[in-house]
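Trainee: fold the following for me, if possible:
(one chain, ligands or ions: 1)
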Amino acid sequence: MAAYKFADTQLRFPQGFLWGTASSAHQYEGINDNNDWWTWEQSGRQHGDQHVYQNQTSGTACGWWEGKAEEDIHLMAGLNNNAHRLSVEWSRIEPRPGVWDQSAIDRYRQILHTMKAAGIRPMITLHHFTLPNWAAERGAWLHPRIVEDFARFTRKVAQSLGDLCETWCTINEPNVYALHGYFKAVCPPARAKLGEYYAVLLQLLHAHAAAYRVLHEIQPAAQVGIAMHLILWEPRSRTNPLDRLAFGFLRHNFNSIALEALQTGRWQPTLARPGVYPRLANTLDWVGINYYQRYEAGFRVQSRDPYNLLFAGRPNDEKGPGWWGEFWPEGLLLHLEHVHRRFGLPIYITENGVPDAKDVHRPHYILDHLLRVQTAIEHGINVGGYYHWSLVDNFEWREGYNPAFAFGLYALDQQTQSRTPRRSASLYREIAATNALRVNMAEQYAPESLTAIQAALKTARG
Ligand code: BGC
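Mentor: As a prediction, this is how the structure comes out:
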């Protein structure tokens, strides 16, 4: 892999590496008022239930639907990016069962055309946490017809947008979706049953497999994957058997069972009926990793979870706000190595980022994580691209527009819709422009990363 290196002052990425940002429809588009999240926001506000931070609602979000997408694509191009991951909103395209809204499809076509003209290659996600109201009211992901309906929606999207996109992400973070909606009860439909966590996760995998087939049928060259949220779990105490049990349980049931099933067809939940589903097997062309943080796993009697499971960042490490967990870049390398060894498929980092309005941590967070990506590539792991979460501050689900949860390379003033670059935007621009990590980037933006970059360069030279 020596070909990637240049002189000895930089760590190169392969030619054609995709540099992008990631977004999602509900978090960016605005007035997305026909889905379950919108309904959940409004009902939280009406009843003062704090479904979202300060009872906020997504409102106009980043204004993409009304024209701001074009401005942001211009920003992407200005960052020398060549890729972007966005999602399409099912409730816009199919506002009622079997009824298609051509104007919504046309708007997506416009956005994709603008990306194409700007040299930005899209990756489309088909499901990113929201469901049309009609599907939610009927029983959401527990309804027996949902997989069939999702396949029909996928077919329509592939037929309508397939000439402008060939990389598809079926479902964003099925494990987080099922955990938050069906076990932790913090997102719609706010249920708290482990059995439903498993049932919904399995249903999402069936939906993925159905979409995988539809996409390949319509577009034989399609590259289809899924974005899995992988947490680096650690037992709270390595010597405490209960903590080790919690650790093993979370690692297996959160990180592993879904991907394993999509590779082998074997479904092996710890506390639900296992099964073999041949139609799930071999339905990945690539694996998407959404990686953010490390969490401790343990048991804490009277925790808010019904099983007394504890997921928390350790008190003394550098970490994000509130429940957010610790920065742990090494975890990304460990996941890359594991996924590569286990599945042998191309990998994309479909999300990685940090909530940091003041941009104190973000520059070194970016450099430290990309360093691990570069190391993985040097070790022969096929990583095709990196999509930073996110381009602009956006509607952060239950954290709403809480300033402590600002993820953008650009700060957003939600009222005026103006964007202001953070220093990290310049750093990311330089990385994408040079297709490399350089010592002077750490010197200028993130002295905390200097030692690690120098060490990696030394290893590369040796
Ligand atoms: C989700 C995004 C979210 C991000 C930051 C991911 O789990 O896919 O929608 O905004 O994390 O919290």
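
Trainee: please list all residues in contact with Ser43.
Mentor: By CB atoms under 8 Å, 6 or more residues apart in numbering, the residues touching Ser43 are Asp49, His51. For glycine as for every other residue, the C-beta is placed from the backbone atoms N, C-alpha and C.

Trainee: which helix or strand contains it?
Mentor: Taking DSSP states H and E as the definition, Ser43 sits inside helix 36-47.

Trainee: so how far is Tyr177 from the residue nearest to Gly181 when sequence neighbours are not counted?
Mentor: Leaving aside its chain neighbours, Gly181 sits nearest to Cys187 (4.8 Å; criterion: CB to CB, 6 or more residues apart in numbering). Per CB to CB, to the nearest Å, Cys187 is found 8 Å from Tyr177.

Trainee: assumed Gly384 was part of a strand.
Mentor: Yes: using DSSP: H, G, I helix; E, B strand; the rest coil, the secondary structure at Gly384 is a strand.

Trainee: touching, it and Ile347? I think so.
Mentor: Yes: using CB atoms under 8 Å, Gly384 makes contact with Ile347 at a distance of 7.0 Å.

Trainee: overlap in contacts of these two?
Mentor: Joint contacts of Gly384 and Ile347 (CB under 8 Å, 6+ apart) are Trp286.

Trainee: out of those two, which sits in the busier spot?
Mentor: Using other CB atoms under 10 Å as the criterion, Gly384 and Ile347 rank with Ile347 on top: 23 against 17.

Trainee: so what's the residue nearest to Gly181 up against?
Mentor: Trp37, Trp40, Phe129, Tyr177, His180, Gly181, Trp397, Arg398 are the contacts of Cys187 under CB under 8 Å, 6+ apart.

Trainee: the first one: neighbour count?
Mentor: Looking back up the chat, that one is Trp37. Counted with other CB under 10 Å, residues neighbouring Trp37 total 26.

Trainee: swap in the fourth one?
Mentor: Residue crowding around Tyr177 was assessed by other CB under 10 Å; the count is 23.

Trainee: equivalent analysis for the one 4 residues further on, please.
Mentor: Neighbouring residues of Gly181 were enumerated by other CB under 10 Å; the total is 25.

Trainee: same question, Trp324
Mentor: 18.

Trainee: same question, Val99
Mentor: By the criterion of other CB under 10 Å, Val99 has 9 neighbours.

Trainee: that one and the ligand, how far apart?
Mentor: Applying CB to the nearest ligand atom, to the nearest Å, one obtains 27 Å for the distance of Val99 from the ligand.

Trainee: and that residue, bridged to which residues?
Mentor: Under DSSP bridges, the beta-bridge partners of Val99 are Arg96.

Trainee: and it, how far from Ile93?
Mentor: From Val99 across to Ile93, the span is 10 Å (CB to CB).

Trainee: A helix includes the residue nearest to Gly181, no?
Mentor: No: Cys187 sits outside any helix when classified using three-state DSSP, being coil.

Trainee: follow-up on the earlier one: among the contacts of Cys187, which lie within helices?
Mentor: In this view, these that belong to helices under DSSP state H are Trp37, Trp40, Tyr177, His180, Gly181.

Trainee: all set now, cheers.
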